[in-house]
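S.K.: Next one to model:
(one chain, ligands or ions: 2)
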Amino acid sequence: MTTFNHNKYQAFPPLDMPNRQWPNNNISETPLWCSVDLRDGNQALVEPMTVSQKRRYYELLLAMGFKEIEVGFPAASKMDFDFVRWLIEENKIPGDVTIQVLTQARESLIEQTFAALKGVKQAIIHVYNSTSTVQRELVFQKDRQGIIDIAVQGATWVKLHAEANPGPQWQFEYSPESFSGTELDFAVDICDAVNAVWQPTAANPVIINLPATVEMSTPNVFADQVEWFCGNVKNRDAITVSVHTHNDRGCAVAAAELAVMAGADRVEGTLLGNGERTGNMDIITMAMNLYSQGVDPKLQLGDIDNIITTISECTQLPVHPRHPYVGELVYTAFSGSHQDAIKKCLDRRVPESTWNVAYLPIDPTDLNRTLQHVIRVNSQSGKGGIAYLLEQEYGVQLPRWLQIEFSSVVQRQSETTASELLVPQIWQLFKSTYAHTEQPYQLADYNVNHGDIDKIQARLAAGIDLISVAGEGQGALTAFISSLKLYFNLEFEVVNFSEHALSKGTDADAIAYLQIKTATESVIGVAINHDILTASLTALLNAVNQLESVKR
Ligand SMILES: CC(=O)SCCNC(=O)CCNC(=O)[C@H](O)C(C)(C)COP(=O)(O)OP(=O)(O)OC[C@H]1O[C@@H](n2cnc3c(N)ncnc32)[C@H](O)[C@@H]1OP(=O)(O)O
Ligand SMILES: CC(C)C(=O)C(=O)O
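M.R.: Numbers count the residues shown, from 1 in each chain. Ligands and ions are numbered 1, 2, ... in the order given. This next block holds a predicted model:
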């Protein structure tokens, strides 16, 4: 067994920022989004996307409304280079979309990057070098100035190549890669040094992208880092501050959200969070978080099934059934009390009002999820959910007393089969329990004479025999009750009865539910018929059929 030794690790030092402002802020506007699926996402795949997968993914990003898309690292591979050429030569970049490409701060790579972009109308050149203590000390083995020199040199090459390639609208982006592990004063110094080369203005800003290349702290600490950076970097007005969070601690979305509260203008991420190690921050989740707070996420997410299919077919990564907002099970309530609360909220919901449904942070139908996704029945389920499904599918409004009775029937069945019950199976179970037709006695026909006292004459089919019964009372049902009591020599009373027209389905028009009690038994009968009186009489006979003395 491996030995766990927490002394091997040390806590990330918090910042001493008693005047931090971000906790007082809300996100009332969506940040600028930049998808890095085709670069950071792609570089993390077991099998990087093929050309056709990359094209398909790119089309998806356009359809979703992304305006900034990091399309690759063209100096790193022929495939990325060719993909950028294809975008440009085949005129695949809409006028309002800017592609972004990544490069290290190395001249040959920068040169190739510009070669890949020949003929582009506008592009973001994204250059990075690593700045954290571990990278400085162990990877690059350089002091602070040495690392600044790499960045400044890279920024200079980028500027010179842009000047040598006039025409396109170039925008520059610099990432102090591993910002999350970088001393803040150094992060500011290196970005100031890069900006001293690029000389951004408010009209022509640069993007400074602050990556949590590795997520090393709680999201509040990252927000402190971003707020501190924004407050100390020179020429803030000429900078679009971007964040690029990874999910090592599972908080990439939270970190990006708090970073936006702390002053970030722009967020880089991927769809469903694919990316290095535990992934990039998930743009779909963050966009849906904003949406659920009444903020327009400025992305088209309604066709979510197509989005998910495209992502998983291109990345060959499955979607976890509990993935926020999009997983197959995330709107599903199996447990009884959740189902009951959802049913009540939906029943009482005023159309067009603000969404306010227990257990459902957003309306699942916004993401093409039907209410069948919401309520599913297994042994954990209760009466509310079952009743809801039967009403939705078959127009059956089970009276409360029957909901209580039937839910235990459903539970027993689901425990026996150890599986989920689908709505048609629940409906079959309901009919076979209360309305089954293979009964000892069946209503063959009847005739009612209405008067002060109503009289009924009916014939019951029992195998090949036809049995005549007759009775009288106030109303046809009461008359039939007395006829059955007489014929079977029974004492019982009807303790529950209701009937209604079915609003759905092709079976028939009306349904009647009825519960009778003898001194020792309580049984339920249900019947469906196009005629409401026939439904009631049949429901009564179905109940009587279940009494032990009648069954014998
Ligand atoms: C956090 C991120 O996701 S950053 C993006 C990471 N993505 C990728 O790396 C995918 C694409 N990259 C590649 O395919 C390759 O790294 C290439 C083709 C770009 C370069 O490959 P190589 O030339 O073999 O170099 P390699 O990537 O191993 O880099 C190592 C060298 O580059 C230097 N280097 C690394 N990053 C940078 C940088 N950002 N700026 C300047 N120099 C850098 C290293 O110090 C090292 O120098 P040394 O050889 O003198 O020791
Ligand atoms: C290049 C940078 C932005 C990066 O991908 C990271 O730090 O994760």
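S.K.: per-residue confidence for Ala44?
M.R.: Model confidence at Ala44, expressed as pLDDT, equals 97.
S.K.: Retrieve the pLDDT associated with the nearest residue to it once chain neighbours are set aside.
M.R.: Take Ala44 and drop its neighbours on the chain: the residue closest to it by C-beta to C-beta, 6 or more residues apart in numbering is Glu276, 4.5 Å away. C-betas here are computed from N, CA, C, even on glycine. Per-residue pLDDT puts Glu276 at 97.
S.K.: can you check Gly505 too?
M.R.: pLDDT recorded at Gly505 is 58.
S.K.: do Gln439 as well
M.R.: Value listed for Gln439 in the pLDDT field: 83.
S.K.: Show me what from the protein comes close to ligand 1.
M.R.: Within the chain, the positions adjacent to ligand 1 are 40, 43, 73, 76, 104-106, 109, 128-129, 140, 150, 177, 213, 276 by C-beta under 6 Å from any ligand atom.
S.K.: Swap in 5 Å and give it another go.
M.R.: Proximity of the chain to ligand 1, by C-beta under 5 Å from any ligand atom, involves residues Gln43, Phe73, Ala76, Gln104, Ala105, Arg106, Asn129, Thr213.
S.K.: From Ser175, how far out is the fifth one?
M.R.: It refers to Ala105. 10 Å (C-beta to C-beta, to the nearest Å).
S.K.: Are there residues contacting both of the two? Which ones?
M.R.: Among the neighbours of Ala105, those also in contact with Ser175 (C-beta atoms under 8 Å, 6 or more residues apart in numbering) are Val127, Tyr128.
S.K.: Apart from its chain neighbours, what residue comes closest to the most centrally placed residue in the chain?
M.R.: Of all residues in the chain, the one closest to the mean position by C-alpha atoms, centre = their mean is Tyr325, 1.3 Å from it. What sits nearest to Tyr325 in space, not counting adjacent residues and going by C-beta to C-beta, 6+ apart, is Met288, at 4.4 Å.
S.K.: shouldn't Gly336 be in contact with Gly384?
M.R.: Yes: counting by C-beta atoms under 8 Å, Gly384 is a contact partner of Gly336 at 6.8 Å.
S.K.: The residue lying closest to Phe488 once chain neighbours are set aside - how many residues pack around it?
M.R.: Leaving out its chain neighbours, the residue that sits closest to Phe488 by C-beta to C-beta, 6+ apart is Val550, at 5.7 Å. Here the number of neighbours of Val550 (other C-beta atoms under 10 Å) works out to 18.
S.K.: Let's see the pLDDT reported for Val550.
M.R.: 84.
S.K.: In this structure it contacts Asn542, no?
M.R.: No: Val550 is beyond contact range of Asn542, at 10.9 Å (criterion: C-beta under 8 Å).
S.K.: hmm, back to that, tell me the contacts of the residue nearest to Phe488?
M.R.: Residues in contact with Val550, defined by C-beta under 8 Å, 6+ apart, are Pro440, Tyr441, Phe488, Leu490, Val544.
S.K.: Need the pLDDT of the last one.
M.R.: You'll see Val544 listed with a pLDDT of 96.
S.K.: Could you report the separation of the residue nearest to Phe488 from Asn529?
M.R.: 21 Å.
S.K.: And for Gln428?
M.R.: For Gln428, the distance to Asn529 - C-beta to C-beta - is 18 Å.
S.K.: just so I have it, where are all the helices in the stretch 351-500 of the chain?
M.R.: Counting by DSSP state H, counting those that start in this stretch, the stretch 351-500 of the chain has helices at residues 371-374, 383-394, 400-417, 423-434, 476-488.
S.K.: Quick check: which of the ones you listed has the most neighbours on average?
M.R.: Neighbour counts (mean count of other C-beta atoms under 10 Å) averaged over each of those peak at helix 383-394, with a mean of 22.
S.K.: tilt between that helix and helix 400-417?
M.R.: 90 degrees (axes from the mean of the first three to the mean of the last three C-alpha atoms, to 10 degrees).
S.K.: which other helices and strands contact helix 383-394?
M.R.: Applying 3 or more C-beta pairs under 8 Å, 6 or more residues apart in numbering; DSSP states H and E, we find helix 383-394 packed against helix 336-348, helix 371-374, helix 400-417, helix 423-434.
S.K.: Would you mind listing where this protein has pLDDT under the threshold?
M.R.: Residue ranges of the chain with pLDDT under 70: 371-372, 504-508, 552.
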